[in-house]
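>>> what's the 3D shape of this:
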Amino acid sequence: MNQATIDFIREHAEANVRQLALQGTKNPEVDMPFALDQIAGRQKAKTKLPSWAAIDGIIYPSHLSMEQCSSEQTARYKASIVGKGPLMVDLTAGFGVDMAFVSPNFQRAIHVERQAPLCAISLENFKLLGLDHINVVCADGVEYLHQLDHADLIYLDPARRDNHGGRTYGIADCTPNVLELRDELLQKADRVMLKLSPMLDWRKAVEDLGNVSEVHIVSVDNECKELLLVISEKLIVNSDIKVVCVNLLSNGSKEAFEFPYRKSPISDTSPMTIHYSLFTIHFLFEPNASIMKAGCFALLEQRFKVAQLEKNSHLFVSDKDIVDFPGRRFIIEKTTSLNKRELKSALTGIECANITVRNFPMSVAELRKRLKLKEGGDLYLFATTIAGHQHQLFLCRKVE
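Residues are numbered from 1 along each chain as shown. Model prediction:
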C-alpha cells in the first residue's frame, strides 16, 4: 500500500463510498478498489468491530467478507464460553474476527483459510493486534483436518451460500458438510464448536449431529444472529444438553436464560395453564429473540410465574413487574377489543403508537391503517389473540 493510497483513505474516511466509486480519482497512484474496501470496511467496523475501528492500520476485506464475519459482541461471547487450553484450530477462519477474540484463551492457535487474500489480511492484522501465537495457514479446512493430530478446540463456521450465491440453512447444505466430518472432528478434538445459521431448527440440528453438549442461541439487540453448538465425544449418555438463550445489548449488558434439554422434552414445549384476568393484569412481557427461537415458553411461565395470553401468541402477562424477565417489559394502560365503540374510547387522543402483531389476523400495516395511527411515540400497541380465540389490543408503555 503506497502513500498516495493511504492519504486518500484518510482524506475520505467519512465519505460516501458509492459516490467515491463513481467519481474515481485523478491520481493514478491510488489503488482505488483497495481504498474503497478500507473506507467502507472501517465505516462498518465502527458499529460491528468498534475496538478494531479505533486502531489505525487494521486492514479490511471486501464487502461480502465484512458482512459475513462475526461482530465483536458475538466474538467476545464465544471467548467467554470456550474455556482454555493449549491449542485451538479454526478450519474456516475467514477474516479472522472470531480467531482474534477467542484465541487469547489458548496457548497456540491455527488459523486455516483457503482464500489467500484473507490470509494476507489476517496475518497483518494479527501482528498489529499483538496476537503472535496465531499461525496463519492458507489451505482447505477439510484437507487440513485430515492431517491434524489433535486440538483442544476445533471451530467451524461453514459457508451458508451455494454455488450460485443463494443462502442455505441446513447443515448438510453448508460447506463443509459437518455431518460428513462429525466423526473425524470428534476424534481429533476434545470439543468442537459450530457456528450455524439462526434460521436453522436447533432441535433438529441436535438430533442430526448427536453428541451435543451445549446450544447457544445468540442475539444482539434483540436480533437473532447465531446458533452455536458444542459437540464432544466424551458426552455422557442421556445427560441434559445445556441450552443458553442470550441477548447481547449495546450497553454492554446481556439477558441470559438457561435450561436443560433432552431429546424428548416435555416442560419446554407444552404450555402451562396459568389463569389470568384482563381486570387484574398490569404488566405485559415480550420475550427476546433468542427465547422466541428456543420456544421455551412453558419454562418462562414456570420460572417467572407469568401467564401466556394464548399458546400461539407468545406474550406473557402478570399482576406485577418481573424485573429479570429476559425481554421487554411493559405497563398495560388500556385493553380493548376490536369493537368500534371500545376502540374509539381507548384510542381517544392517541395519534401514534409502535404496533406489534402476534397471532393476529391483520398485518401491522393493515392495523395501522384501520386505527389511523402514525408510527412512533412512546406508546406500544400489541395486537394479539387471547384465550378463547378473542382478538385483543393492549396499549402499553415500556418499562426501562
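>>> domain parsing for this protein?
According to automatic domain parsing, the chain comprises the domains 3-60, 69-261, 283-398.
>>> dump these into TSV; add mean pLDDT, distance to Tyr276 and mean neighbour count as well.
For every residue, glycine as well, the C-beta is placed using N, CA and C. TSV is the format used below for those (pLDDT from 0 to 100; distance: least, CB to CB, whole Å; neighbours: other CB atoms under 10 Å):
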stretch	mean pLDDT	distance to Tyr276	mean neighbour count
domain 3-60	88	40	15
domain 69-261	92	21	18
domain 283-398	94	4	17
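>>> including distance to Ser277, could the ones you listed go into CSV?
Below are those laid out as CSV (distance: least, CB to CB, whole Å):
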stretch, distance to Ser277
domain 3-60, 44
domain 69-261, 27
domain 283-398, 9
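>>> any idea how far the residue of the chain positioned farthest from its centre is from Pro361?
Distance from the centre of the chain peaks at Arg341, with 42.8 Å (CA atoms, centre = their mean). Applying CB to CB, to the nearest Å, the value for Arg341 to Pro361 is 20 Å.
>>> picking that back up, and the residue farthest from the centre of the chain, how far is that from Thr348?
Arg341 is 11 Å from Thr348, by CB to CB.
>>> same question, Glu310
On the measure of CB to CB, Glu310 and Thr348 end up 27 Å apart.
>>> please apply the same query to Cys396.
Distance from Cys396 to Thr348, by CB to CB: 17 Å.
>>> repeat for Glu286
25 Å.
>>> and what of Ala4?
The value you get for Ala4 to Thr348, if CB to CB is used, is 65 Å.
>>> for Phe360, same thing?
22 Å.
>>> do you have the strands of the stretch 151-300 of the chain handy? List them.
151-156, 189-196, 212-220, 223-231, 241-248, 254-261, 283-287 (DSSP state E, counting those that start in this stretch).
>>> OK, contacts around the residue most central in space within the chain?
Here the mean C-alpha position of the chain is nearest to the C-alpha of Lys225 (CA atoms, centre = their mean), at a distance of 1.7 Å. By CB atoms under 8 Å, 6 or more residues apart in numbering, the residues touching Lys225 are Ser71, Thr74, Pro198, Val218, Ser219.
>>> and if we set it to 6 Å?
With contact taken as CB atoms under 6 Å, 6 or more residues apart in numbering, Lys225 is in contact with Thr74, Val218.
>>> please apply the same query to Met66.
Applying CB under 6 Å, 6+ apart, the residues contacting Met66 are Gly41, Lys44.
>>> what's the helix or strand for it?
helix 63-68 (DSSP states H and E).
>>> helix or strand next in line after that helix, which one?
Helix 63-68 is succeeded, C-terminally, by helix 72-81 (DSSP H and E).
>>> which other helices and strands contact that following helix?
Secondary-structure packing of helix 72-81 (3 or more CB pairs under 6 Å, 6 or more residues apart in numbering; DSSP states H and E): helix 97-102.
>>> the same query, at a cut-off of 10 Å, please.
If you count contacts as 3 or more CB pairs under 10 Å, 6 or more residues apart in numbering; DSSP states H and E, helix 72-81 packs onto helix 32-48, helix 50-53, helix 97-102, strand 189-196, strand 212-220, strand 223-231, strand 241-248, strand 254-261.
>>> Leu64: which of these is closest?
Set against Leu64 and scored by CB to CB, the helices and strands packed on helix 72-81 come closest in helix 32-48, at 10.6 Å.
>>> the closest one to strand 212-220, inter-axis angle?
Per axes from the mean of the first three to the mean of the last three CA atoms, to 10 degrees, the angle that helix 32-48 makes with strand 212-220 is 100 degrees.
>>> which other helices and strands does helix 32-48 contact?
Using 3+ CB pairs under 10 Å, 6+ apart, helix 32-48 sits against helix 3-11, helix 17-23, helix 50-53, helix 63-68, helix 72-81.
>>> show me which positions of the fourth one end up buried.
Think helix 63-68. Ser65, Met66, Gln68 (16 or more other CB atoms under 10 Å).
>>> and the last one, how far from Leu49?
With the distance defined as CB to CB, Gln68 ends up 13 Å from Leu49.
>>> where do the contact lists of the two overlap?
Taking CB atoms under 10 Å, 6 or more residues apart in numbering as the criterion, Gln68 and Leu49 both touch Phe95, Val97.
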